[in-house]
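1. model this:
(2 chains)
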Amino acid sequence: MMEAKSFQLFPEQASSIASHVDALYAFLVLVSAFFSLLVAFLIVYLVVKYRHRPELGPPVAQHTNDHGPGSMILEIVWTVIPLGLSMIMFAWGVSIYFTESRPPADSMEIYVTGKQWMWKIQHMEGAREINELHVPINRDIKLTMTSEDVIHDFYVPAFRTKSDVLPGKYTTEWFRPTKLGAYHIFCAEYCGTKHSGMIGTVYVLSEPDYNKWLGAGSGEGSMAEQGQALFNQLGCGNCHPSVVNNQNGRCPNLVGLFGTRVQVKDGSNVRADESYIRESVLYPQAKIVAGYDDIMPTFKGLITEDGMLKLIEYIKSLGAKNGTMSTATPGPVETSASPQPSTHATAPAKTAPRGVPAAPVAPQQRVQ
Amino acid sequence: MITAPPLVKEKKNYLNAEEGLMSWLLTKDHKRIAILYLIAVTVFFAVGGMFAVLIRLELATPAGDLLDSNTYNKVFTMHGVVMIFFFLIPSIPATLGNFLIPLMIGAKDLAFPRINLLSWYVYMLAGVFGIFVLVTGGVDTGWTFYTPFSSSYSNGYVVMTAMAAFIMGFSSILTGLNFLVTVHRMRAPGLTWFRLPLFVWAHYATSAVMILGTPVIAVTLFLLMLERGLHIGFFDPAYGGDPVLFQHLFWFYSHPAVYIMILPSMGVISEVVSTFCSKKPFGYTFIAFSSVAIAVFGFLVWGHHLFVSSQSAYAGMVFSVLSMIVAIPSAIKIFNWTATMYKGSVRLETPMLYAIGFMGLFTVGGLTGLFLASMGMDVHLTDTYFVVAHFHYVMVGGAIMGYMAGLHFWWPKLTGRMYSQVWSKVSAVLVFVGFNLTFFPQFLLGFMGMPRRYHVYPPEFQVLNVLSSAGASVLGLGYLIPAIYLLASLKYGAKAGANPWGATGLEWQTSSPPPTENFEITPVVTTEAYEYSAQEVIHVGH
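-> Numbering: from 1, shown residues only, chains lettered A, B, ... in the order given. This next block holds a predicted model:
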């Protein structure tokens, strides 16, 4: 827990990947310490043993080849051994990286929008938070992230993971929290004046506590519902059918679209993922589906990054490939008025559920 | 006191051959141009150092109490810009390289003396732009100028700063071009490629990187200026650009630029270690070719700066394995220098102390580079203080230690004077201790997760930051003392002979300071480099 320590040398291990990263770190430290000490020892030993002694006269030149002293065997030894060790570092690093960069298929999705200088988080169920992220323990969590302005980077040292958050593009980051508590979120990519103020806290809660926290809700419905409202408000449904088997011939049907491969006009295939949907809304001419005309206007300037994520979540809820049907919760359960404030920005400490031990302590000192 | 006219006039050398300011500002003598560069880079080093002092003072406490955020961001940006573009890149090549390459190869001057002077004026013009930015309000993009922050969001003087780096690049290109042609065309009779001092090999490799890499940064900065000034979209998605493209272009130069900084230093270490062991460098050909290997592979590793930038994982793998490979030639050098001491006659003079410091610190700097080349590890460590510690071990522990070793080694040749042996050894030890105290805690901070470029930080990071700031004051003192005794040596230092260290290179065969024409008769080389038992075979006319 971050609030208790004034000084520590090792960051908390709070995610499933952390111990793997730390094992690689230990290996790297051992190899580095060995070679640093070896070089240091050799230098000290040789300096003492072969220190200049004027009475002995100049050293006798020993030539083993045309260009002075040398030893092919030694050169090979001290080329091959470091090369072999570095290849272990390479392969080990790659294996961890592939785990780090590929979210498990059934991850719980959360959306992150970075802007100068705050983190905006949207949960599919509709809860929103700023500079705070509540997650359940022992669940794979996938963050889909974008930026409204410059490049940011969502970094949680206790989870040993980070990823740049780019404008105009979605990046993902995933982790599986394994330890209850509150952990730092840092913006790790320099983003301007208040870069060091673009920080927040991840609260890892038990499953019941998390559900309780979610239940407090935003009162605005799930992200998919909000996305549907936006879909209607922008008039997308006037052209794009969102009902099964309805083809109007003007625009592609969006049901079951997400995650499929789409044939576009130039003959190539693109995957209908978050980035493709975003591009098609903002730059409709970029990749038109084969068989359709260039009739869609751009919605650039009409939709925010947060809204875009809701729209995407709505399209996902219309059915996705690979059986990962998004939880669109179409029922009116959460749409009823809730006593909670609609945004958590002004009162971050209150968003944590009462009775969760770790959560509310730290942020009190950290509210900007 | 009656002053009789001296019977024997003092021997003419490059320092007293002509007098007056104009004789310096219009000189075509590579040695005088080297001195002009030396003065200029020293001034910029002092300026960059003052920014470092402000950074370490600010970070002594977790709160932002000394500077406001905007000022802090400008301070670390100017520290980086000044140190990298105005100090580290020209430091060794433009001063020691400029002075020594013609001497080492038995030439009268560089191939293009006018271009050499031009490169200094171009450098100074860039300096004027840099100083304009400093006095008018600074820039806050970080020395990396990442878009779209730099192109669309920063309020600082981005275009002016980019212009300064842009112009500075031309000075690098001119210097590199001059060195390449000089080494190819102007070697003394008998001085074959494998008789060249390793310092020349290192500069040859550096020059190749300079002329191949620098145009790329020039183009990149030019595109940045176009986007910022005219809103032509290259990098900002709002104009249809790609922000990560900038990072690829930037690091395509800026990673090789690390080798522009470190390779000349490695050249210095090869000379110093050999001289103070009175022994040929162990594995001459391996050291020579490892410089070339670093220059070649150095161009193929830029993507290791982009492991968390959304770069393809497969591209990342290629960059990761190449980054591992580029570490090997550096390891080869370290092992060969160490082996050079075996059965040598080791003298711990000041240049050798700095060289030993280099070997220790650069080893740590190189090894911690492997942490960052290993993709899974880099995800946690990138953009933290671990990276800051790593590149300071390479650039300060490596490049500047090498520069100090070289400056102390060739100071008698540059000036004809010896400096205080006691004070120079004291300062070498202070630099080594202060350096480690400053930057080792930053490795720990980085692993703890403290991001770089943070003005305000959580309190649990304070202890290590205080250690670092304390170390920085020792380091600062270590750099201040040489400024005093080196200047004092000009007036009070004992006269240095032609070859005070018992070294072998051609530069030691001519007087200290050398005459304007370097050698009265063109030397003829009949032996390998570093023949400590056969110095008399080198024919130098006198």
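
2. can we go C-alpha only for contacts and neighbour counts from here?
-> Will do.

3. quick one: furthest residue from the center of chain A?
-> Largest separation from the mean C-alpha position in chain A: A:Glu55, at 66.8 Å (Cα atoms, centre = their mean).

4. in three-state terms, label that residue for me.
-> helix (DSSP: H, G, I helix; E, B strand; the rest coil).

5. repeat that for B:Val474.
-> The three-state assignment at B:Val474 reads helix, by three-state DSSP.

6. residues near it, how many?
-> B:Val474 is surrounded by 20 other residues when neighbours are defined as other Cα atoms under 10 Å in any protein chain shown.

7. surely it meets B:Val431?
-> Yes: taking contacts as Cα atoms under 8 Å, B:Val474 lies within contact range of B:Val431: 7.2 Å.

8. roughly how far apart are the residue farthest from the centre of chain A and B:Ser345?
-> For A:Glu55, the distance to B:Ser345 equals 11 Å [Cα to Cα, to the nearest Å].

9. before we move on, what about B:Gly283?
-> Using Cα to Cα, B:Gly283 is found at 18 Å from B:Ser345.

10. just B:Phe132 next, same as before
-> B:Phe132 is 51 Å from B:Ser345, where distance means Cα to Cα.

11. list the buried residues of stretch B:518-538.
-> B:518-519, B:522-525, B:528-532, B:535, B:538 (16 or more other Cα atoms under 10 Å in any protein chain shown).

12. keeping just the C-alphas, turn it into CSV.
-> In CSV, the C-alpha atoms belonging to stretch B:518-538 read as follows (Å, rounded to 0.1, in the frame of the first residue of the first chain):
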residue,chain,number,x,y,z
ASN,B,518,52.2,20.5,-37.2
PHE,B,519,55.4,18.9,-38.5
GLU,B,520,58.4,20.6,-40.0
ILE,B,521,58.9,17.6,-42.3
THR,B,522,56.2,15.2,-43.2
PRO,B,523,56.7,12.1,-41.0
VAL,B,524,57.1,8.7,-42.5
VAL,B,525,55.6,5.8,-40.6
THR,B,526,57.4,2.5,-40.7
THR,B,527,55.8,0.7,-37.7
GLU,B,528,52.5,-0.3,-36.3
ALA,B,529,50.8,2.0,-33.8
TYR,B,530,51.7,1.8,-30.2
GLU,B,531,55.3,0.5,-30.6
TYR,B,532,56.6,1.4,-27.2
SER,B,533,59.9,-0.3,-27.8
ALA,B,534,60.5,1.3,-31.2
GLN,B,535,59.6,4.9,-30.9
GLU,B,536,62.9,6.0,-32.5
VAL,B,537,61.9,4.2,-35.7
ILE,B,538,59.3,6.9,-36.3
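
13. and that stretch, does that touch chain A?
-> Yes: judged by Cα under 8 Å from any Cα of the partner chain, stretch B:518-538 comes into contact with chain A through B:Glu528, B:Tyr532, B:Ser533.

14. let me see the mean pLDDT of that stretch.
-> For stretch B:518-538, the mean per-residue pLDDT is 77.

15. helix, strand, or coil at A:Ser19?
-> Secondary structure state of A:Ser19, per three-state DSSP, is helix.

16. grab the nearest non-local neighbour of it.
-> In this structure, A:Ser19 finds its nearest non-sequential neighbour in A:Gln13, 6.6 Å apart by Cα to Cα, 6 or more residues apart in numbering or on different chains.

17. the one you found reaches A:His20, doesn't it?
-> No: with contact defined as Cα under 8 Å, A:Gln13 does not count as touching A:His20 (9.9 Å).

18. what helix or strand does A:Ile43 sit in?
-> When secondary structure is defined by DSSP states H and E, A:Ile43 falls within helix A:18-49.

19. returning to what we had before: B:Phe132 and B:Ser345: which is more packed in?
-> Neighbour count, other Cα under 10 Å: between B:Phe132 and B:Ser345, B:Ser345 has more, with 27 against 16.

20. next one, pLDDT for A:Gly219 please.
-> At A:Gly219 the predicted local distance difference test score is 70.

21. okay, buried residues for the helix or strand harbouring A:Trp174 please.
-> The secondary structure element spanning A:Trp174 is strand A:171-175 (assigned by DSSP H and E). Burial within strand A:171-175, assessed by neighbour count using 16+ other Cα under 10 Å, is assigned to A:Thr171, A:Thr172, A:Glu173, A:Trp174, A:Phe175.

22. among the residues you listed, which one lies nearest to chain B?
-> A:Thr171 (6.5 Å; Cα to the nearest Cα).

23. ok, now which ones touch the closest one?
-> By Cα atoms under 8 Å, 6 or more residues apart in numbering or on different chains, A:Thr171 lies in contact with A:Thr144, A:Met145, A:Thr146, A:Ser163, A:Asp164, A:Val165, B:Ser310.
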